[in-house]
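A.B. asks: have a look at this fold, sequence not included:
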C-alpha cells in the first residue's frame, strides 16, 4: 500500500503526463554547477507532490523550481544563498531537511538524546541489578522442584 | 446476489467476533473448558465467513459487475484477469477486507495449531484477536463497505490506476499485510499474559514463531515494495522515506527488536516487561501505519479534515487499543517478576543494545513522520521532514548497530568476554579493513565514507561466517567432525547468521548504488548512441503497440559492452485511455548484481525522445540482503525448538495447568 499511495496522489491529484524528473533541456553546461544543482534539488520539496524532492518529481512546479535553482546557481549564488532564496519565497516547507533551528531542535536532538539517555539508564540498571543480585543468594529449590530436577537428571542419564 | 452474500458473510463474521470477544473470557473466569473452547470454533468460522466475503468480492471483480461501486471505480472489462483479481485490494475498501481476512487467518491458525498452548492462554489470545477483528469489521461495515451497489449501473468501469496494474500489486500488499497484521498475534499474546498475570519463558517460546512469521513476511513485503517502486516509478529510486513507507518500516524496526528481546526472555527469563511492551508497541505501530495510510492524514491535514469519517473511526480504534493496552501494561507490568541477571557485557547486554538502537531508530521514524503534522496542527507552521533528514540520522544509528552485530552471537550468556570475542573477530575485522583498502584504491570519486561503509558490510558478513566457523569448528577440527557438528547445529544459529549476513549484503548494495550510480539524461534520435559506464546503448527505433487496455510506445535499444552485443532493451510508455494517465515501463538489464536501467520521457515532434539511462552497480544486493534475512528467518522457524504447533510433552501441559 505504500508506493501505491504516492503514485495515487501524484497521478490523481495532478493528472500529469508521465515525464522524467530532470529533463535534458534543463541540464547546465558546467558539470560542477549541474552536480551542485542536483544535490540541492534532492533537498528541496516539490510542494504539490507527496514527499517527493524536485529532483524526483515530474510535476510542472518541480520543473520550475529546478530551473529556478539553476538560474540562481548561474547567477553565482552559493548553495546556502539558493536555499535562503527559496525559503524566503516558499517557506520552510520547501526544505526536506529541516533547519537546525529552535522549533526543530526536538526533532534533531531526539536520536542522540534518546540514545544517550536510554544507554545511561540501561547501564545503571543493569549494574545495579547485577550488583544487588550477586549479594542475594538464589532461593533454595522447593521439594517439588527438587523432585522434577531429579527426574530430569535421571532422564538425561538414561539417554 | 453475490454482493449481498458477501456483505451478509461479513456481518456474520462480526457477530462471531463479538461472541469470541466475550465468551472465552467468561470461560476463563469460570474455568469452564467448554466456554473457553468456543473461541476455537468461532475463530475458524470467522475465517470461513471472511474468506467467503473476500471470494465474493473477487468474483464480482472477475465478473466485472459494475453495479457494485467498488468494482465500477477500480475495474474495467478489458483489464487482464490477473489485475482484475489484484485490483480487489488495490483500493481502500478491498484492502481493508484483505486486512481483516489476514487477521482472521492468523486467528484461525492459532485456533487450529495452538493445541500446545494452555487452554486459558489460548482463550485469552483469541478473545483479544476478536476485539481487534470486531473493531475492523465494524469499520468496514460502517465506513468502507466494498459491497455497496449503484442504483443505475454504468456499462463500463473506471479502470484501476495504471501504476497498480503490475505484478507487484499481486505480491506486495498481501505480504505486507501478513507482516503488519501478523504482529497482532504477539500483541494478543502480550495482552493475554497481562490479563492472566502470568508470563514466563514458555510464553516467549510460544510467541516467537508467530513474531518470526510476521517478521519474515514484513521483511519480504517491504523489500518487494521497494523493488516495485524501483522499476515501476521510472526514476530508479528504491526508498523515499515517504510517510507510507515509514508506516511499514516502524513495525519492522520494532518487530526486529521484539524478536531479539523475546530471545533473551526465552533463554534467560529476563527482559519480560520490556518484551511485553515491545509486543504492544509493534502492533500499535502497525495500527498507526494503517491509520496514516487509510485516513489520508499524511497527504494533507486538510484532506483529512474535509472527509474525516474514516480517519476518525480508525483514530478511535487506534486510541482504544493503544491507550487500553498501555494502561493495562502500566497497571500490571510492575507485578511481573524480573528474572535472569546478567552483566552488561554479555549476550543479553548485546541484545539490549540491539533493542536500544532499533527502538531509537524507530522513534526517529515515528517522530519524523508525525512532527510535521503536529507542527502544522499546533503551531500552524508548515514544514517537511524528508530523505536528507532520515539519511543523516539513520547513518550513525545503523553504523553503531552494524558494528555491534558480529559481537552479539559470539558473546556468552550472563557474562561475556569482550576481549576474547574481539580476538575471535580479528579475521572478520581484517577482512573488513582489506575491503576498505581495496575499494579505496580501486574506486574513483564518490564519498570518502563509501569504502568505510563497504568495509563495515564485509565485517558484518565475515562476522556471521566467523560465528558459524566457531560453532562448527571448521579449520580447528578435522573436516568430517566439523561437518557433523554443522549438521547438528541448531537451525536458529544458521538462521541468525544468514539474517545478519543479509544486513551486510544490503548495506553494500545501498552504498554501491548511491555512490557509483551513473546517469545519462538526453534527448535521443534514431541511431544515437549513449555511453554509460562502459556500455554503448544505441536507439534502434520507436514502435507503437496496442495492449489490452492501453496504448504503448516502445523504444528499442541495442546494448553492447566493449563492442560485444549483449541484449535488446525495450522500455515503453503506456497510455491508459480510461483514466487518461500513463506509466513508464522501465527496461532492466541484469549483469550479475548490477543493472542497466532505461526509462523513457516525452517524445518530441521530430521523432526524438527524452531518455534516462542509469547504470546501477550491485543494486540487486539491496534486495538480496532482505531475502537472505527472510531466509534466515525461515531457517530459524524450522528449528525444532520453535516449530509452530510442535507437540509438547503431556507432562509440560499438566505442569502449567494447576497454577492458573
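C.D. replies: On my side now, so go ahead. These figures come from a predicted structure and were not determined experimentally.
A.B. asks: my guess is residue B:235 contacts residue B:600. True?
C.D. replies: No: taking contacts as C-beta atoms under 8 Å, residue B:235 lies outside contact range of residue B:600: 11.8 Å. Glycine gets a C-beta too; all of them are placed from N, C-alpha and C.
A.B. asks: name the element residue B:499 belongs to?
C.D. replies: Following DSSP states H and E, one finds residue B:499 within helix B:491-516.
A.B. asks: average pLDDT for that helix?
C.D. replies: Averaging pLDDT along helix B:491-516 gives 94.
A.B. asks: tell me what it is packed against?
C.D. replies: helix B:387-404, helix B:407-410, helix B:449-472, helix B:621-637 (3 or more C-beta pairs under 8 Å, 6 or more residues apart in numbering or on different chains; DSSP states H and E).
A.B. asks: what's the closest of these to chain A?
C.D. replies: Smallest distance to chain A across those (C-beta to the nearest C-beta): 3.7 Å, for helix B:387-404.
A.B. asks: just want the residue of the stretch 301-450 of chain B that's nearest chain A.
C.D. replies: Per C-beta to the nearest C-beta, residue B:386 is where the stretch 301-450 of chain B lies closest to chain A, at 2.8 Å.
A.B. asks: distance check, the residue lying closest to that residue once chain neighbours are set aside against residue A:72.
C.D. replies: Distances taken as C-beta to C-beta, 6 or more residues apart in numbering or on different chains put residue A:96 closest to residue B:386, at 2.8 Å, once the chain neighbours are dropped. As for residue A:96, its distance to residue A:72 is 18 Å (criterion: C-beta to C-beta, to the nearest Å).
A.B. asks: more crowded one of those two?
C.D. replies: Shown here are residue A:96 and residue A:72; by other C-beta atoms under 10 Å in any protein chain shown, residue A:96 has more neighbours (23 against 20).
A.B. asks: let me know the pLDDT of the more buried one.
C.D. replies: Per-residue pLDDT puts residue A:96 at 90.
A.B. asks: and residue A:45, by the same measure?
C.D. replies: Here, the pLDDT recorded for residue A:45 equals 90.
A.B. asks: thought it was touching residue A:98?
C.D. replies: No: in this structure, residue A:45 is not within contact of residue A:98 by C-beta under 8 Å, at 10.8 Å.
A.B. asks: common neighbours of those two, please.
C.D. replies: Residues touching both residue A:45 and residue A:98 (C-beta atoms under 8 Å, 6 or more residues apart in numbering or on different chains): residue B:384.
A.B. asks: between those two, who's got more neighbours?
C.D. replies: Shown here are residue A:45 and residue A:98; by other C-beta under 10 Å, residue A:45 has more neighbours (26 against 22).
A.B. asks: residues touching the residue lying closest to residue B:546 once chain neighbours are set aside, list them.
C.D. replies: Of all residues not flanking residue B:546 in the chain, residue B:552 sits nearest, at 7.3 Å (C-beta to C-beta, 6+ apart). Residues in contact with residue B:552 (C-beta under 8 Å, 6+ apart) are B:544-546, B:572-575, B:585.
A.B. asks: and if we set it to 6 Å?
C.D. replies: Each residue near residue B:552 by C-beta atoms under 6 Å, 6 or more residues apart in numbering or on different chains is listed here: B:545, B:572, B:574.
A.B. asks: specify the beta-bridge partners of the first one.
C.D. replies: In this structure, residue B:545 has beta-bridge partners residue B:552, where bridges are defined by DSSP bridges.
A.B. asks: ok, it to residue B:59 distance?
C.D. replies: Distance, residue B:545 to residue B:59, using C-beta to C-beta: 31 Å.
A.B. asks: do the longest helix anywhere in chain B and chain A meet?
C.D. replies: Across chain B, the longest stretch assigned as helix under DSSP state H is helix B:201-232. Yes: using C-beta under 6 Å from any C-beta of the partner chain, helix B:201-232 reaches chain A at B:225, B:229.
A.B. asks: so what does the very next helix or strand once past that helix touch, helix or strand wise?
C.D. replies: Later in the chain than helix B:201-232, the nearest helix or strand by DSSP H and E is helix B:243-268. Where contact means 3 or more C-beta pairs under 6 Å, 6 or more residues apart in numbering or on different chains; DSSP states H and E, helix B:243-268 is packed against helix A:2-14, helix B:167-196, helix B:201-232, helix B:272-295, helix B:347-374.
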